[in-house]
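Peer 1: Provide a 3D model corresponding to the input given below.
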Amino acid sequence: MTDIPPNLDWVRAAPEGATGPGPWIELAFGADDLVYIRETGDPENVVTTTRRKWDAFVLGVQAGEFDHFVAGLEEERPPAPAEGRS
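Peer 2: So this is what the prediction gives:
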């Protein structure tokens, strides 16, 4: 297991204007090309990957490669706010 550096700058992946505890995913980019991922509800449980693997994952999400994991969930979620409106 990789030791988690104490001085990481965690960035929360939440919709703009979101309030409350989440649950949200938080990311931190560390030394040696490592990416740290945690969930706000369990911040001591940290997953570590490489920047190259993280970038490949993000490109896959953008390309729709994981859409089948959320098929049918769209009806359960409230609609996202339109950009430019509040």
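
Peer 1: Strand partners (parallel or antiparallel) of the lengthiest strand in the chain?
Peer 2: Secondary structure of the chain read by DSSP state E shows that its longest strand is strand 42-50. Strand 42-50 pairs in its sheet with strand 34-39 (antiparallel), by DSSP bridges.

Peer 1: Tell me how far the partner strand lies from the chain's centre.
Peer 2: The chain centroid and the centroid of strand 34-39 are separated by 8 Å, computed with C-alpha atoms, centre = their mean, to the nearest Å.

Peer 1: if we can go back for a sec, go through the longest strand of the chain and flag the buried ones.
Peer 2: residue 46 (16 or more other C-beta atoms under 10 Å). For the C-beta atoms, the positions are set from N, CA and C on the backbone; glycine is no exception.

Peer 1: and it, what's its mean pLDDT?
Peer 2: For strand 42-50, mean pLDDT is 94.

Peer 1: Around residue 6, how many other residues sit close by?
Peer 2: 5 (other C-beta atoms under 10 Å).

Peer 1: Can you pull out the residues in contact with the helix or strand that the longest strand of the chain is followed by?
Peer 2: Next helix or strand after strand 42-50 toward the C-terminus (DSSP states H and E): helix 51-62. Contacts to helix 51-62, defined as C-beta atoms under 8 Å, 6 or more residues apart in numbering, come from residues 29, 33-35, 49, 66.
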